[in-house]
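Engineer: dropping a prediction and its sequence here:
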Amino acid sequence: MVNDLKIAGTRKSLGKSLLYTLPMFLITFLFITGGRPNFSDPSSAIAVLTAFLLVNVLYFLMHFTGKTDRYRAVLFIIFALSLSYTLIHNMLEVRNSMSFSQADILECKIPFCHLVIPMMILPAVFTKSIIFPGSILNGFANISTMIVLWLVATLVLGRGFCSWGCFYGGWDDGFSRFGKKPLIKRIDGLWKWMPFAVLMMVMLTAALSMMPTYCSWICPFKAVTEFEQVTSVESATKAGIFLSLFGGLVIALPIMTKKRTQCSFLCPLGAINTLSNKITPFMIKIDKNACNECFKCVETCPLYALTRDDIKEGKVSMFCSKCGKCVDACSKNAIHYGIKGVPAGTLKNFSRNLFLFVSFLFMAIFSAGSIIASFQGLLKLIF
Amino acid sequence: MTDSLILGLSSGSACLATCGMVMFPYLMAGSAGVRRIAIDLSLFLLTRFVVYFFLATIAWYFGQALFSNPVVRNIVPGILYIVFAIMLVRYSISKNSNRDCPVKIVKTVNNHKLLPILLGLVNSLGFCPALFLILTKGAAEKTLVHSYIAFLAFFIGSSIWFIPLPLAGKIRKKEVLTTIGILATGLAGVIFMIKGLTNLIGGLING
Amino acid sequence: MKKIKIIAGISWAFFGLILIIILFPGLNSYSVSVSKLPFMKLNPRYSGGEIAKRIVTDRCTLDIRKPVFNGFIKERNNGFVQLDWRGNISELINDSIDYDQDGIKDFNISVDRKNSKTVLNPINSKVKDVIISTRTSYGWAVRVGIKKQL
């Protein structure tokens, strides 16, 4: 009965769902195929078509079923896997190794990722330069392009970037979905402030050492992308840290807690995105009139963004990444996507439709390149 | 120098979080004038500076006497780094760390003129894991000047946090800053733990 | 006031929608604009520094870059100088380098490219050690550690 009430609130008829999917269909067609699909290479054509269909089917299902997180997570996880696959495949092809060499550093050929951004800030202000061995404008994952992508996404989505744009988040999101019940149910709320402590430390250490310290020493995702060659005690220690943090925060703890522990307790960029949640137009709102305080949303939130007190007060904390898991879990349709300035409980469907279009469009186009490349790679492996 | 500054910066925030509120309750209340706050704060920081100067000297001479062998020079500080770093991490995790503030000893002193000096003394000699770490670093330095630089960086890093103390009463969300400060101290502990491990392994390999 | 807030919120949301739609088609031009910002240049610690002198021979080119001592607030005492050999480089490189351009050679460097062995003979006491010596896509590069002051 209650589920019917909820579903009636957000799900749409087949015709309406198709109508809502049409703009996404047209825009993704333009961006993914460049407006001119090329069928001369069959494997490329199949990969492009599969990626195109995948994003549009998922978007259609979001409208048709009224569920958000379930279908977002599918694309988000595929994005994370495909990006790592593409990067590793590329490196193995070019360098025969997952590690980068001194020559790559010297020639500034290291791909830039958004996690470097917090460490760039102080040196950029004080030395007017970038402390990263990457390319400013040319080549794959150059610094300027990544900054533009992150800046716009963060401005529009706030911490939504962590659930709709970050190509690493899919890893711990994926592992947090293993198993039915969490083995660890309670983790002290103070730990969610850890990313701010990490942010402070990496900003300071990076500025003082003029080195992207998070990338050099901490980043767990080095385990699935690229890292320094192990040639000394120091580089071996680094590799050990990368692997331990990946094993602990990205695999083991998410499985045990069913939460995104790396994003919740470590990521320094997540801390900046958390602050940007204050300016973004989209947010999660709680309709206190509809809420029966069952606290299912608190239990399901993967980022410890909701507490019982928050629900009672009818507010969502700034840690929210707008993944939609709480929205899907709410049987009363009390917790919903909203727009800044619009009172809770009003314009629920309008807000959801607008947010889904914006956030999904960003993820679909941002992820398309690596998804296509990995599909192509898989096709080559199979045939 | 970098790691000493970071240690000072991170432990300074926790030190302020745990001890600062005990040290200057009258500043928090906002009843003291700006001149008095400035004098008290200067006396407090000056006392800390003098104490650290002496500690840097003592630590280095001890280091010279104890770590004359180059292998021991790597291994012993390595072990000490790890031990004190674990203590620092444990301290940051423990939610009851407020109870250990050594400054509470002088809380009952009523002489306001002597209070900042006494507080500076107790605060800088309050043997917290961060101080143990910087003592170890001072002892392991090659020259006395390097030991002074390490302590100076530690002093600067930890003192920065005390400067806005007169405004503490007006800061909103103090608990959040306290939590972040304490967590950052734990991270500084982790950094020194890694440094200790690298020293230890390097020392063993070279030995 | 309530209505103004609603209108402002919805307008901001639609502006966000437009931003995302125009983001990808204009990504290249936005990136070019960002790359022109004053801080968008690589720190010499990563780029290797500006080329101070180029020595051209029949077979190859040697670029001696400016010494790099860049730090966060002020220059550091420990830095490096980068040397790049380009073109048709012989298997055994042997060069004398005057990195500070004072007319006096500061060190001799020899690189056995076959065995990746690099030997540094300091003449100037500010010259310390070899930090990096590696094959690159353009030839060979070496970073020699130097001190600003003794």
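Structural biologist: The structure has been received and is ready for your questions.
Engineer: ok and the residue in the stretch 101-250 of chain A nearest chain B?
Structural biologist: Nearest residue of the stretch 101-250 of chain A to chain B, counting by C-beta to the nearest C-beta: A:A197, 3.7 Å away. Just so you know, the C-beta spots here come from the backbone N, C-alpha and C atoms, and that holds for glycine as well.
Engineer: leaving out sequence neighbours, find the closest residue to that residue.
Structural biologist: Once flanking residues are discounted, A:A197 sits nearest to B:L183: 3.7 Å by C-beta to C-beta, 6 or more residues apart in numbering or on different chains.
Engineer: how about the one you found, secondary structure?
Structural biologist: helix (DSSP: H, G, I helix; E, B strand; the rest coil).
Engineer: ditto for A:G338
Structural biologist: Per three-state DSSP, A:G338 ends up strand.
Engineer: please apply the same query to A:I187.
Structural biologist: Secondary structure state of A:I187, per three-state DSSP, is coil.
Engineer: counting neighbours, what do you get for it?
Structural biologist: Counted by other C-beta atoms under 10 Å in any protein chain shown, the residues lying close to A:I187 total 17.
Engineer: just A:F362 next, same as before
Structural biologist: A:F362: 25 neighbours (other C-beta under 10 Å).
Engineer: which of the three states applies to it?
Structural biologist: Using three-state DSSP, the secondary structure recorded for A:F362 is helix.
Engineer: pretty sure it contacts A:L155?
Structural biologist: No. Look at A:F362 against A:L155 with C-beta atoms under 8 Å: they stay out of range, at 11.4 Å.
Engineer: so what pLDDT did the one residue in chain C that gets nearest to chain B get?
Structural biologist: Closest to chain B within chain C is C:F72: 9.1 Å, counting by C-beta to the nearest C-beta. Note on C:F72: pLDDT of 83.
Engineer: over to the one 5 residues further on?
Structural biologist: Predicted confidence (pLDDT) at C:N77: the value is 85.
Engineer: identify the residues contacting the closest residue to it other than its chain neighbours.
Structural biologist: Closest residue to C:N77 in three dimensions, ignoring its sequence neighbours and counting by C-beta to C-beta, 6+ apart: C:K148, at 5.0 Å. Taking C-beta atoms under 8 Å, 6 or more residues apart in numbering or on different chains as the criterion, C:K148 is in contact with C:P67, C:F69, C:E75, C:R76, C:N77, C:N78, C:G79, C:K126.
Engineer: kindly report the same for A:S101.
Structural biologist: By C-beta under 8 Å, 6+ apart, A:S101 lies in contact with A:R95, A:Q229, C:T134.
Engineer: mind checking which of those residues are in strands?
Structural biologist: Using DSSP state E, the subset of these located in strands is C:T134.
Engineer: and the contacts of A:S101, which of them are buried?
Structural biologist: A:R95, C:T134 (16 or more other C-beta atoms under 10 Å in any protein chain shown).
Engineer: check contacts around the residue of the stretch 101-250 of chain A closest to chain B.
Structural biologist: The contact partners of A:A197, taken as C-beta under 8 Å, 6+ apart, are B:I180, B:G181, B:L183, B:A184, B:G186, B:L187.
Engineer: how many neighbours does the residue nearest to A:I187 when sequence neighbours are not counted have?
Structural biologist: Using C-beta to C-beta, 6+ apart and skipping the chain neighbours, the partner closest in space to A:I187 is A:T257 (6.5 Å). Counted with other C-beta under 10 Å, the neighbours of A:T257 add up to 19.
Engineer: so who does A:T257 touch?
Structural biologist: A:T257 neighbours (C-beta under 8 Å, 6+ apart): A:S176, A:P182, A:L183, A:I184, A:K185, A:I187.
Engineer: which among those residues count as buried?
Structural biologist: The neighbour count (16+ other C-beta under 10 Å) marks A:S176, A:P182, A:I187 as buried among the contacts of A:T257.
Engineer: give me the lowest-pLDDT entry from those residues.
Structural biologist: Among the buried ones among the contacts of A:T257, A:I187 carries the lowest pLDDT, at 86.
Engineer: does that one touch A:Y304 like I think?
Structural biologist: Yes. Applying C-beta under 8 Å as the test, A:I187 and A:Y304 come out as touching, 7.3 Å apart.
Engineer: what is in contact with these two at once?
Structural biologist: A:K259.
Engineer: could you dump the contacts of A:S101 to CSV with pLDDT and distance to B:V145?
Structural biologist: Shown next, in CSV, are the contacts of A:S101 (pLDDT from 0 to 100; distance: C-beta to C-beta, whole Å):
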residue, pLDDT, distance to B:V145
A:R95, 72, 44
A:Q229, 77, 36
C:T134, 93, 35
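Engineer: which of the contacts of A:S101 come close to chain B?
Structural biologist: Filtering the contacts of A:S101 for proximity to chain B by C-beta under 8 Å from any C-beta of the partner chain leaves nothing.
Engineer: helices of chain C, start to end?
Structural biologist: Here chain C has its helices, by DSSP state H, at C:2-23, C:27-35, C:44-47.
Engineer: and the ones you listed as JSON lines, adding mean neighbour count?
Structural biologist: Below are the helices of chain C laid out as JSON lines (neighbours: other C-beta atoms under 10 Å in any protein chain shown):
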{"stretch": "helix C:2-23", "mean neighbour count": "15"}
{"stretch": "helix C:27-35", "mean neighbour count": "16"}
{"stretch": "helix C:44-47", "mean neighbour count": "21"}
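Engineer: hmm, back to that, show me the two of the contacts of A:T257 that sit farthest apart.
Structural biologist: The span of those, defined through C-beta to C-beta, is set by A:S176 and A:K185 at 13.8 Å.
Engineer: show me where chain B has helices.
Structural biologist: Assigned by DSSP H, chain B shows helices spanning B:2-15, B:21-23, B:25-29, B:34-66, B:70-93, B:115-125, B:129-140, B:144-159, B:174-206.
Engineer: lowest mean pLDDT across these, which one is that?
Structural biologist: Lowest mean pLDDT within these: helix B:25-29, at a mean of 46.
Engineer: the residue nearest in space to the middle of chain A in helix, strand or coil?
Structural biologist: Per C-alpha atoms, centre = their mean, the C-alpha nearest to the average position across chain A is that of A:C166, at 3.0 Å. Assigned with three-state DSSP, A:C166 falls in the coil class.
Engineer: you'd agree it is up against A:H114?
Structural biologist: Yes. Contact status for A:C166 versus A:H114: in contact at 7.1 Å, counting by C-beta under 8 Å.
Engineer: any bit of stretch A:80-95 sitting next to chain C?
Structural biologist: No. Using C-beta under 8 Å from any C-beta, no contact is recorded between stretch A:80-95 and chain C, whose separation bottoms out at 10.7 Å.
Engineer: near chain C, which residues of the stretch 51-200 of chain A? Just list them.
Structural biologist: Proximity of the stretch 51-200 of chain A to chain C, by C-beta under 8 Å from any C-beta, involves residues A:101-103, A:105-108, A:122-134, A:136-137, A:142-145, A:147-149, A:152-153, A:155-157.
Engineer: go again with 6 Å.
Structural biologist: Residues of the stretch 51-200 of chain A that fall close to chain C, judged by C-beta under 6 Å from any C-beta of the partner chain: A:102-103, A:106-108, A:124, A:128-131, A:133, A:136-137, A:144-145, A:147-148, A:152, A:156.
Engineer: return the subset of those lying in helices.
Structural biologist: Counting by DSSP H, these contribute A:Q102, A:A103, A:L106, A:A124, A:S144, A:T145, A:I147, A:V148, A:V152, A:V156 to helices.
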